[in-house]
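**Student:** Output the structure for:
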Amino acid sequence: MDKLRIDKWLWAARFYKTRSLATDEISKNRVQVNGQDAKPSREVKPGDTVTVRNGPVVRTVQVLALSNLRGPAPVAQALYAETPDSLAARTLAAEQRRLAPEPAHAQTQGRPTKRDRRQLQGLQADPPGWDDRWSASI
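**Tutor:** Residues are numbered from 1 along each chain as shown. Down below sits the predicted model:
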């Protein structure tokens, strides 16, 4: 086998859990082969460069081998080699995400927490009770 569909290869290399997920991501132009947007039927061969964008993570890999069977992870990792630039960019992005402040701590407005709600109710003069409500029996 000298060529294989890109969706099958991405599934076999364990970039995506199912072939249909791989096809969907390829259709959304999140996968490029040799710098060009790919279609699910695009064929790859050893030596091709594949760029996969999965959320904020962008991986650029070199195709080393082809397999149309999904095997264990060590076998799948032997199908490709990640480029040094891609590996450095991924580690840098992971470090920046780790050092970034927690978004919830920066939030000053929004929905009050349970503690905030209790403090607000404590500040009210008279919380409404049973006597303050309208009733049909009065």
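**Student:** and the next element down the chain from the longest helix along the chain?
**Tutor:** Taking DSSP state H as the criterion, the chain has its longest helix at helix 84-99. Downstream of helix 84-99, the first helix or strand assigned by DSSP states H and E is helix 114-123.
**Student:** So which bits of that next one are buried?
**Tutor:** By neighbour count with 16 or more other C-beta atoms under 10 Å, helix 114-123 contains no buried residues. Any C-beta I mention is one placed from the backbone N, CA and C, and that applies to glycine too.
**Student:** for stretch 73-88, same thing?
**Tutor:** Buried, per 16+ other C-beta under 10 Å, within stretch 73-88: A76, L79, Y80, S86.
**Student:** now do stretch 50-57
**Tutor:** V50, T51, V52.
**Student:** got it, and stretch 16-30?
**Tutor:** Residues of stretch 16-30 classed as buried: Y16, R19, A22, T23, E25, I26, R30 (neighbour count, 16+ other C-beta under 10 Å).
**Student:** by contact count, what packs against the helix or strand where the fourth one lies?
**Tutor:** T23 is part of helix 19-27 when elements are defined by DSSP H and E. Using 3 or more C-beta pairs under 8 Å, 6 or more residues apart in numbering; DSSP states H and E as the contact criterion, the secondary-structure elements in contact with helix 19-27 are helix 6-12.
**Student:** Can you give the distance from the helix it packs on to the centre of its chain?
**Tutor:** 18 Å (C-alpha atoms, centre = their mean, to the nearest Å).
**Student:** residues in contact with that helix?
**Tutor:** With C-beta atoms under 8 Å, 6 or more residues apart in numbering as the contact definition, helix 6-12 has outside contacts at 16, 18-19, 22-23, 25-26, 31, 33, 38-44, 50, 52, 63, 66-71, 76, 79.
**Student:** how near is V31 to T18?
**Tutor:** 15 Å (C-beta to C-beta, to the nearest Å).
**Student:** scratch that, D7
**Tutor:** With distances taken as C-beta to C-beta, D7 is found 10 Å from T18.
**Student:** W9 now?
**Tutor:** 14 Å.
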